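**Student:** model the following, please.
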Amino acid sequence: MIGDLFLGFLKVGLFAFGGAYGAIPLIREVVLSHGWLDEEMLSYMIAVSESTPGPIMVNLATYVGSTRAGLIGALAATLAVVLPSFLIILLVMVLLKTALKNPCVQAALRGMKPAMVGIILATGVYMVLRSAGIAGGAPDLAATLLTLALGGVYFASRKVIPKGLSPIGLIGLSALAGVLVYGWH
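**Tutor:** Residues are numbered from 1 along each chain as shown. Here you go, the predicted structure:
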């Protein structure tokens, strides 16, 4: 079990480009293929991981490792997910001065930006469609309506507040809405 956790989250750490949101599809694939969480629990954990301090990947790895194999599992999964980034950053620090001047490196980095935007957008659209029952699973009308309402609040706030509602404000508002909608059931 510890080896599976380490290798599964090492895969996430090695191939998760574009930050935490870009890593969600890869995390989903690893966690669901091993049966560590089901789709519903993974969605809950993504929401919790987004609203707690720390990187989403680390929070998810720690949670999954802890639930599957206790403290040792949490340590193994967390180490595995951060180890590749740590080593890459060390390597980049050594090679940074010359590598960033290379036109091929610059072109590769520019090419990866749209891919990350697409992955993040696809993940968000998939989660909305899943809430609506269009992409499998039971439809959750409340979640779909909350998503639409919060999206509307965010975009409307950009008309009133120069920089729009802060991510912290939106997370707090969504938590309050979740308590109001789901807390009474």
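**Student:** rest of the way, CA atoms for contacts and neighbours
**Tutor:** Will do.
**Student:** so who does Ala69 touch?
**Tutor:** If you count contacts by C-alpha atoms under 8 Å, 6 or more residues apart in numbering, Ala69 has them with Met1, Ile2.
**Student:** same question for the one 4 residues further on.
**Tutor:** Applying C-alpha under 8 Å, 6+ apart, we find Gly73 in contact with Met1, Ile2, Leu5, Thr62, Val64, Gly65, Ser66, Thr67.
**Student:** go on, Gly164?
**Tutor:** Neighbouring residues of Gly164 by C-alpha under 8 Å, 6+ apart: Tyr154, Phe155, Ala156, Ser157, Arg158.
**Student:** tell me where the protein has helices.
**Tutor:** Assigned by DSSP state H, the chain shows helices spanning 2-15, 19-34, 39-51, 56-99, 103-131, 141-160, 167-182.
**Student:** of the ones you listed, which stretch is the most buried?
**Tutor:** Neighbour counts averaged per stretch over these are highest for helix 2-15, at a mean of 20; criterion: mean count of other C-alpha atoms under 10 Å.
**Student:** which strands or helices does that one pack on?
**Tutor:** Packing contacts for helix 2-15, counted by 3 or more C-alpha pairs under 8 Å, 6 or more residues apart in numbering; DSSP states H and E, involve helix 19-34, helix 56-99.
**Student:** can you add mean pLDDT and distance to Leu10 and give these back as TSV?
**Tutor:** Below are these laid out as TSV (pLDDT from 0 to 100; distance: least, C-alpha to C-alpha, whole Å):
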stretch	mean pLDDT	distance to Leu10
helix 19-34	84	10
helix 56-99	88	4
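**Student:** for Val105, see how far away Ile24 is.
**Tutor:** According to C-alpha to C-alpha, to the nearest Å, Ile24 and Val105 sit 25 Å apart.
**Student:** the residue sitting furthest away from the middle of the chain and Ile72, how far apart?
**Tutor:** Most distant residue from the mean C-alpha position of the chain: Thr98, 31.6 Å away (C-alpha atoms, centre = their mean). According to C-alpha to C-alpha, Thr98 and Ile72 sit 40 Å apart.
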